[in-house]
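Q: Fold the stuff below for me.
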Amino acid sequence: MRPAARRLDRALVVLPSVTLGGTEQQTAVLARAMAEARLEVTLAMEPALRPDFAALPGAASELRSVTGPFGWQAGATAADNIAAQAAALAPLLQGLRPDLVILPLPWPGHGFGLLQALAAAGQRTLVIQHLAPQIADPVPEAAAPVLATLAAAPIRWAAVSAPVAARAAAFFGLPPAAVAVVPN
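A: A predicted model of the protein is given here:
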């Protein structure tokens, strides 16, 4: 028996990005569509990303946005990135109490701290995997505890193509069928 569907009123979209690319452009269109469907949408992103994101075609500059250290910083260690992302997202989840969080990942490992906070909060989440390398990057040792929590978390997975779905499933240790394919 399936659980009763819950109404979606508030969505939080968290970008672990530090630059703009295809993931962010597609996220702008998605956020705009959700707002047009009368969802209250909040975008969480790096402070430096906000002006450029708001200028993207299809982006709704009138959407509520918050900034913080949500991005995966190339110069930081995995442990530092995980700690910073988790520390930034946890209070935001408590304050906003979203019905759904959407986590667009431009690269598989760039959201480990966000995933940690989402799993710890039991937050209903849709992860959208945009890219994944043909030869899997190794999972950082600091991320092993995060991976261990994902199976029990209310997280659903999607990818923009079948190859990306297969590589993302392998990277996160998910069964191949756990990542739905939703073409761009």
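
Q: Show me the residue sitting in the middle of the chain in space.
A: residue 103 (1.5 Å; CA atoms, centre = their mean).

Q: Surely that residue is within a helix?
A: No. Under DSSP: H, G, I helix; E, B strand; the rest coil, residue 103 falls outside any helix and is assigned strand.

Q: pLDDT score assigned to it?
A: Note on residue 103: pLDDT of 97.

Q: Surely it is in contact with residue 127?
A: Yes. In this structure, residue 103 is within contact of residue 127 by CB atoms under 8 Å, at 4.8 Å. To be clear about C-beta, it is placed using only N, CA and C from the backbone, and glycine gets the same treatment.

Q: Report the set of residues contacting both of those two.
A: Common neighbours of residue 103 and residue 127 (criterion: CB atoms under 8 Å, 6 or more residues apart in numbering): 111, 115.

Q: surely residue 25 meets residue 52?
A: No. At 10.7 Å, residue 25 and residue 52 do not qualify as touching, with contact defined as CB under 8 Å.

Q: least trustworthy helix or strand in the chain by mean pLDDT?
A: Least confident element among the helices and strands of the chain, by mean pLDDT, DSSP states H and E: helix 50-54 (a mean of 86).
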